[in-house]
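*Asks:* Next come a sequence and a model predicted from it.
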Amino acid sequence: MNTKTKGYLLGAVAAASYGMNPLFALPLYRAGMNTDDVLFFRYLLAIPILGIMVWLRGRSFRVEAKAIPLLAVMGLLVAMSSLTLFLSYHYMDAGIASTLLFVYPMMVALIMVFFFHERLTLNTIFCLCLALIGIGLLYKGEDGATLNTTGMLMVLISALSYAIYIAGVNRPPLNNIPTISMTFYVLVAGLFLFVAKTRFCTSLSLPEHLWEWGNLLALAVLPTTVSFLCTTQAVQYIGATPTAILGVLEPVTALFRCFGFR
């Protein structure tokens, strides 16, 4: 299997797994957990999983000193994207929120063009136009009412944060760090945001039921560990814009919730 094929497959897996966020998050909301608690445990459980993977693969935990500030920024971007997306679920249907999030490939394309002088192909432009049309069709809900403004703003902030992350994750000196090690430190940096949000864990509420821990572990494994690892590797193989366009699978998996997990 050549590098491009691997990149497209990884991008598809990353998108599909990231779209599972509402599948596991919404039952936790209904059980009484708030957004900060859910995301704190999501990141906390993902970090040791990645740490074990780094150790098993014989990768180094060492990084260059000049890469540390960039890893911190990448971590905060990912955490901000997670936070605003999960907050948007309180204001609109999760399937719609995940579909609106698909605006991020357009943001990635614009960032790559204006800041990194990447040339857009006709195929890329066509795909982005189709995405824009689809997003436009979702501006009004089934009852004709426009979508919640706060929810839309949250999704747009999430999309922009994720777009900047995708555009920057394969830039020097980050592109010299093994994918697993970089993802590990990105999540460590992101966890600090939720430590602060929970007032250094003083306002943190522990899950009361075993199934809640199961949902949190699923969040840590699928839309976190699997998705971020595959996204970072796909960007290295095929570039930021194609990886972002493959995000079309995110709303598809998110919409499964609408048919059986309301």
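*Replies:* Thanks, I have the structure now.

*Asks:* what residue ranges in the stretch 1-150 of the chain score low on pLDDT?
*Replies:* Along the stretch 1-150 of the chain, the parts satisfying pLDDT under 70 run over 134-146.

*Asks:* Can you show me the helices along it?
*Replies:* Here the stretch 1-150 of the chain has its helices, by DSSP state H, counting those that start in this stretch, at 3-18, 21-30, 35-56, 68-88, 94-100, 104-116, 122-137, 149-168.

*Asks:* Buried residues, stretch 59-79. List them.
*Replies:* Residues of stretch 59-79 classed as buried by neighbour count (16 or more other Cβ atoms under 10 Å): 59, 63, 67, 70-79. (Glycine included, C-beta is placed from N, CA and C.)

*Asks:* Can you check the distance spanned by it, start to finish?
*Replies:* End-to-end distance for stretch 59-79, by Cα to Cα, to the nearest Å: 24 Å.

*Asks:* Quick one: residues in contact with it.
*Replies:* 39, 43, 54, 161-162, 164-165, 168-169, 173-174, 176-178, 180-182, 184-194, 228 (Cβ atoms under 8 Å, 6 or more residues apart in numbering).

*Asks:* Got a quick ChimeraX command for the buried subset of the residues you listed?
*Replies:* One line in ChimeraX is enough to select the buried ones among the contacts of stretch 59-79; burial here means 16+ other Cβ under 10 Å:
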select :39,43,54,161,162,164,165,168,169,174,177,178,180,181,182,184,185,186,187,188,189,190,191,193,194,228
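
*Asks:* Contact partners for the closest residue in space to residue 37 that isn't next to it in sequence?
*Replies:* Spatially, and ignoring its direct neighbours in sequence, residue 37 is nearest to residue 205 (5.3 Å; Cβ to Cβ, 6 or more residues apart in numbering). By Cβ under 8 Å, 6+ apart, residue 205 lies in contact with 32-34, 37.

*Asks:* And those, which of them are buried?
*Replies:* Among the contacts of residue 205, those classed as buried by 16+ other Cβ under 10 Å are 33-34, 37.

*Asks:* Residue 25: which of those is nearest?
*Replies:* Nearest to residue 25 out of the buried ones among the contacts of residue 205 is residue 33 (Cβ to Cβ; 8.9 Å).
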